[in-house]
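S.K.: Any chance you could fold what I've pasted below:
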Amino acid sequence: MFDKMFSTVNFLNFALNGTWLRHEAISNNIANANTPGYKRVRVEFENILKENLEDKSVKLKVTNKLHIRTRHDDFEPIVVKEINTSTRLDENNVDIDIEMAELAKNTIMYNALIRQTISEFGRIKSVINEGRR
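M.R.: Coordinates of the predicted model:
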């Protein structure tokens, strides 16, 4: 029962962690835009999230006989370093315009996820309060 109740929160948590890590990667890209030889880094997590949302089976992983974790706890965003592209003579492949656009897009996504998380906890609070009556 609790796994169902908190599964949305778990997915939102994973997405928030992914967008936070992506923000750090984009910030590093921007900070190193003029560093010779620096290669752009990006973070991928949407495909992992989508695959796990489509997977209807419940897979439990027991790490300790006293602890049971859900399949949602094992998500890890993927950090990819783009080494095959280079747009400048100094071998740096960061395009500041692309990074700024990605930062804006990621910020919007992060804020939407925060609002959704707040809403989900509001629903859980409502269920708890109704159960007390």
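S.K.: Could you pull out the helices in the protein for me?
M.R.: All helices of the chain, identified by DSSP state H, fall at 2-31, 46-54, 96-132.
S.K.: in the first one, what counts as buried?
M.R.: Residues of helix 2-31 classed as buried by neighbour count (16 or more other Cβ atoms under 10 Å): 6, 8-19, 21-23, 25-26, 29. Where C-beta positions appear, they are placed from N, C-alpha and C, glycine not excepted.
S.K.: Helix 46-54 and that one, what's the angle between them?
M.R.: Using axes from the mean of the first three to the mean of the last three Cα atoms, to 10 degrees, the direction of helix 2-31 lies 170 degrees away from that of helix 46-54.
S.K.: elements contacting helix 2-31?
M.R.: Secondary-structure packing of helix 2-31 (3 or more Cβ pairs under 8 Å, 6 or more residues apart in numbering; DSSP states H and E): strand 41-44, helix 46-54, helix 96-132.
S.K.: same question for the longest one, mean pLDDT?
M.R.: For helix 96-132, the per-residue pLDDT values average out at 93.
S.K.: List the buried residues of that helix.
M.R.: Under 16+ other Cβ under 10 Å, the buried positions of helix 96-132 are Glu99, Glu102, Leu103, Asn106, Met109, Tyr110, Leu113, Gln116, Thr117, Glu120.
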